[in-house]
Structures are given as C-alpha cells and as structure tokens.
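Colleague: Sharing a sequence plus its predicted fold:
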Amino acid sequence: MPINLDYPLTPGTNQNVTDVANDITGVGRDVTAPYRTIFGDTVGLYDGAAAALVLFAGDGGVTSGYDFSSAPYNLFYLNASDYSIPGLTTKARVRVTMAVNGTQPIQSFVVGLYPLTSTGGANSLAISGGDVVSGSTVTFTDPPANTISSGLSSSFTLPSDGVYGFGVLLAVGLQTSTAAKLTALLQLAWTE
C-alpha cells in the first residue's frame, strides 16, 4: 500500500528517511484529531426495563449480574499498550447517540464504560459491571420525544488492562410505551 507524504522528497539526503519515519510514527505531526473509534456497541430499551445497570446486549440489554447465555453481548479486552505511541499521551472519550420514540422518558440515562466480570453455573453465564470508569459517563436527562441526540464524556485516561463493555444506568424503570436506542463508541486521540 503506498504512503502519501505531506512533503516533497529531496534526493540524496537522509532527510527523506527521517521524514518517512516521522510520518509513520506520528512524530512532529498533529495526531490529536480526529478521534479514532476502537469499540462500539448498541442497546435497545423498551417499556418495562428495570431500574438497574443495563449492559449493552442488543435489543433489550441485560441487567448486570443476570444470565447472558443467549444475549448478543460484545466483550472487549482493552490493553492500553496496544494503543500507545512513544512520546505521546493517549486520551479516551465516550460518544453516545440516543434515539427516543414518541413517548418522552422522564428520567436520566447515564451511559458509561464498565469493567466486566463473569460467573455462572452449569449452562449459564452472568456478566456483571463493576464501578464505571471515571470520566467515561454521558448523561441524557428527560430526552424529548421523537429525537436523536448525541453526547460526549470528558477526556479520561485509559483504565487498567481488562475486559470492558458499555452500560446504561437507569435510576427508575422505563415507563409504558417508551422505547430508546443507544449507541456508544470508545474513541482515542493522542497529544504531545
């Protein structure tokens, strides 16, 4: 695959080698924009969803700590060293998009990145979310009916290596006739 360089090459100098090396590693370039998405997941919530931490698992989600055996849950192993660039600081953020049907939910939806653990007996698998990663939350309060909204977390440091997933904390159960779809993305950028 060809590499497109942002500068002319000068024949017969070592500057060409340095420029190519810097272009590949990002040295001397602004690599902070745009953010790059490394993981994403979606959940659909419908009337009757309980007041709880609901882990993203397709339509309906699954309450933290309950059986996930048949849920389409995405487990994501985050290894911070996979995303490090020498000389640069890695920063993360969570971007969430939320769609709401014609019944306005009168409550808050707090989406965040959670470390996950698993347990289970014969023919069962329970996935539980731990404490939300500091700085990774996005809150939607009383989102209007028939809207699609987007929100960003603050920038945060990548958490320790481990298995993570997205969850939405519901303080109260979803009222009758309410439906919402949430998509969350974990994004990274680098600063000097």
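Modeller: Happy to help now that I have it. Residues are numbered from 1 along each chain as shown.
Colleague: Domain map for the chain?
Modeller: Domain segmentation of the chain under automatic domain parsing yields 1-30, 31-191.
Colleague: hey, which of those is tucked in deepest?
Modeller: domain 31-191 (a mean of 17; mean count of other Cβ atoms under 10 Å). Using the backbone N, CA and C atoms, a C-beta is placed for each residue, glycine as well.
Colleague: now the helices: where do they sit in the chain?
Modeller: Applying DSSP state H to the chain gives helices spanning 15-25.
Colleague: Lowest-scoring secondary structure element of it by mean pLDDT?
Modeller: Here the helix or strand of the chain ranked lowest by mean pLDDT, DSSP states H and E is helix 15-25, holding a mean of 46.
Colleague: For stretch 132-147, measure first residue to last.
Modeller: 27 Å (Cα to Cα, to the nearest Å).
Colleague: residues in contact with that stretch?
Modeller: 92-96, 98-115, 149, 151-157, 159, 164, 167, 169, 180, 184 (Cβ atoms under 8 Å, 6 or more residues apart in numbering).
Colleague: and with 6 Å instead?
Modeller: Residues outside stretch 132-147 that contact it (Cβ atoms under 6 Å, 6 or more residues apart in numbering) are 94, 96, 98, 100, 102, 104, 106, 108-114, 149, 151, 153-154, 156, 159.
Colleague: Sort out for me which of the residues you listed are in strands.
Modeller: Under the assignment DSSP state E, these contribute 94, 96, 98, 100, 108-114, 149, 151 to strands.
Colleague: Those into a markdown table, with extra columns for pLDDT and distance to Asn79?
Modeller: Putting the ones in strands among the contacts of stretch 132-147 into a markdown table (pLDDT from 0 to 100; distance: Cβ to Cβ, whole Å) gives the following:
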| residue | pLDDT | distance to Asn79 |
| --- | --- | --- |
| Val94 | 98 | 18 |
| Val96 | 98 | 23 |
| Met98 | 97 | 29 |
| Val100 | 96 | 35 |
| Ser108 | 93 | 32 |
| Phe109 | 95 | 29 |
| Val110 | 96 | 26 |
| Val111 | 97 | 23 |
| Gly112 | 97 | 20 |
| Leu113 | 96 | 15 |
| Tyr114 | 95 | 17 |
| Ser149 | 97 | 32 |
| Gly151 | 98 | 27 |
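Colleague: okay if I get those residues as CSV plus distance to Gly173?
Modeller: Formatted as CSV, the ones in strands among the contacts of stretch 132-147 follow (distance: Cβ to Cβ, whole Å):
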residue, distance to Gly173
Val94, 24
Val96, 20
Met98, 17
Val100, 16
Ser108, 13
Phe109, 12
Val110, 15
Val111, 17
Gly112, 19
Leu113, 23
Tyr114, 20
Ser149, 21
Gly151, 22
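Colleague: Quickly name whichever of those residues is closest to Ala49.
Modeller: Phe109 (10.2 Å; Cβ to Cβ).
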